[in-house]
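Chemist: Turn this into a structure:
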Amino acid sequence: MSQYQLDYLDQLESESIHIFREVAGQFEKPALLFSGGKDSITLVHLALKAFRPGKFPFPLVHIDTGHNFPEALAFRDQLAEQIGEKLIVRKVEDTIKAKHLTEQKGKFASRNQLQTFTLLDTIEEFGFDACIGGARRDEEKARAKERIFSVRDDFGQWNPKLQRPELWHTYNGKIHKGENVRVFPISNWTELDIWNYIKRENIQLPSVYFSHEREVLEYQNALIAVSPYIQIDENDKISTRRVRYRTVGDMTCTAAVASEAYSIDDIISEIIATRTSERGETRIDDRFSEAAMEDRKKNGYF
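Modeler: As a prediction, this is how the structure comes out:
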């Protein structure tokens with residue numbers, strides 16, 4: 001008899017589809033957090049494989065900080081319309097006004113921490129008991145130690161010392177009223193896995209992931225897109241550079257990398273050669289302290 005074997009991308013895909021179906025089976029009101037970035041786009045592609053020809057058993061949800069890349073927002077709306085799935089958008093700006101929150105001040109003032117308030121309000125508004133996201137363990141050390149089913153208390157907080165075992169791909173989604181679970185179907189993927197899968201599946205992405213000309217502010221070895229959301233001083237060095245983005249967060253806290261990668265093959269070659277993680281190289285908001293991400297997650301951040 002011939003043996004049926006999966007290559008490593010098939011194995012990762014199979015695991016992710018299994019996780020999606022576990023979510024559908026264990027939770028009453030899940031949601032898929034979708035920002036228009038490469039990881040959440042990959043999640044949508046996997047969800048299509050998990051549930052088509054039926055509809056998704058959850059809506060797409062985006063917590064919009066108001067500082068997003070317009071290319072990502074346009075792609076978000078286009079993909080949601082193309083696949084015919086419900087997209088829920090909630091704006092951090094509305095939460096700031098309703099709760100009289102104080103925005104961060106400074107050169108690269110970010111709304112990342114305030115995003116948590118909007119996310120928790122959205123979970124309460126719709127009664128979501130599970131939120132699916134595209135976090136991966138290779139991105140950052142706090143994410144490296146988080147489970148695939150990550151339980152949050154009724155305040156949305158994560159306790160890294162109180163995590164459930166997940167032996168033999170068995171996921172326990174049992175929670176008390178008021179609690180919710182963050183689910184990470186591509187937790188075991190790497191950045192290189194994502195790009196190899198995007199290539200194999202011919203997944204379309206926003207143009208910011210490929211080399212393009214952009215006006216950037218050069219600041220402490222980082223290339224920050226010039227936008228209305230950052231504070232530009234008279235001594236700042238601004239230039240037009242050919243860049244691309246390894247990860248797409250807010251324009252205020254995501255740096256570009258100098259690149260001539262016009263194709264997926266070019267990007268894969270760059271990733272193989274690099275020795276720095278995508279968040280380590282490009283996310284300013286992770287540089288405030290060694291535990292910046294973990295502190296945000298403990299307070300309810302995704």
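Chemist: Spatially central, which residue of this structure would that be?
Modeler: Centroid check for the chain by CA atoms, centre = their mean gives residue 134 as the closest residue, at 4.8 Å.
Chemist: Tell me the pLDDT of the closest residue in space to that residue that isn't next to it in sequence.
Modeler: In space, and not counting its chain neighbours, residue 134 is closest to residue 39: 3.1 Å by CB to CB, 6 or more residues apart in numbering. Glycine gets a C-beta too; all of them are placed from N, C-alpha and C. pLDDT for residue 39: 95.
Chemist: can you give me the helices in the protein?
Modeler: 8-26, 38-51, 70-83, 92-99, 112-126, 141-144, 191-201, 264-273, 278-282, 292-298 (DSSP state H).
Chemist: Distance of the residue lying closest to residue 48 once chain neighbours are set aside relative to residue 17?
Modeler: Nearest non-adjacent residue to residue 48, counting by CB to CB, 6+ apart: residue 83, 6.7 Å away. Separation of residue 83 from residue 17 (CB to CB, to the nearest Å) stands at 16 Å.
Chemist: Same question for residue 101.
Modeler: 38 Å.
Chemist: is it true that residue 198 touches residue 38?
Modeler: Yes. With contacts counted by CB atoms under 8 Å, residue 198 reaches residue 38, the gap being 6.9 Å.
Chemist: who's more crowded, those two?
Modeler: residue 38 (24 against 20; other CB atoms under 10 Å).
Chemist: got the contact list for that one?
Modeler: Contacts for residue 38 were tallied using CB atoms under 8 Å, 6 or more residues apart in numbering; they are 194, 198, 205, 209, 247, 248.
Chemist: and which of those is nearest to residue 21?
Modeler: Proximity to residue 21 was ranked across these by CB to CB; first place goes to residue 194, at 20.8 Å.
Chemist: Residue 127 versus the residue nearest to the centre of the chain, what's the distance?
Modeler: Distance, residue 134 to residue 127, by CB to CB: 22 Å.
Chemist: pLDDT value on the residue nearest to residue 48, please?
Modeler: Per-residue confidence at residue 83 stands at 97 (pLDDT).
Chemist: ok, it touching residue 47?
Modeler: No. With contact defined as CB under 8 Å, residue 83 and residue 47 do not form a contacting pair (9.0 Å).
Chemist: what is in contact with the two at once?
Modeler: Joint contacts of residue 83 and residue 47 (CB under 8 Å, 6+ apart) do not exist.
Chemist: Neighbour count for these two, which is higher?
Modeler: Legend: neighbour count by other CB under 10 Å for residue 83 and residue 47, higher for residue 47 (25 against 16).
Chemist: what's the spacing between that one and residue 268?
Modeler: Distance from residue 47 to residue 268, by CB to CB: 24 Å.
Chemist: try residue 193
Modeler: Taking CB to CB, one finds residue 193 at 11 Å from residue 268.
Chemist: same thing with residue 139?
Modeler: Separation of residue 139 from residue 268 (CB to CB): 18 Å.
Chemist: So those two - more neighbours on which side?
Modeler: Each of residue 139 and residue 268 has its neighbours counted (other CB under 10 Å); residue 139 has more, 22 against 17.
Chemist: Just to check, the more buried one is in contact with residue 246?
Modeler: No. Using CB under 8 Å, residue 139 is not in contact with residue 246, being 10.4 Å away.
Chemist: any shared contact partners between the two?
Modeler: 191, 278.
Chemist: quick one on the thing from earlier: tabulate the helices of the chain in TSV, adding columns for distance to residue 232.
Modeler: Formatted as TSV, the helices of the chain follow (distance: least, CB to CB, whole Å):
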stretch	distance to residue 232
helix 8-26	41
helix 38-51	28
helix 70-83	19
helix 92-99	22
helix 112-126	20
helix 141-144	32
helix 191-201	31
helix 264-273	29
helix 278-282	20
helix 292-298	24
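Chemist: Lowest average pLDDT across these?
Modeler: Minimum mean pLDDT among the helices of the chain: helix 292-298, a mean of 55.
Chemist: Looks like residue 12 contacts residue 193 (just checking).
Modeler: Yes. Residue 12 is within contact range of residue 193, at 6.0 Å (criterion: CB under 8 Å).
Chemist: and these two? which has more neighbours close in?
Modeler: residue 12 (21 against 18).
Chemist: Give the full set of residues in contact with that one.
Modeler: 186, 188, 189, 193, 197.
Chemist: where does residue 46 sit relative to residue 86, distance-wise?
Modeler: Counting by CB to CB - residue 46 and residue 86 are separated by 18 Å.
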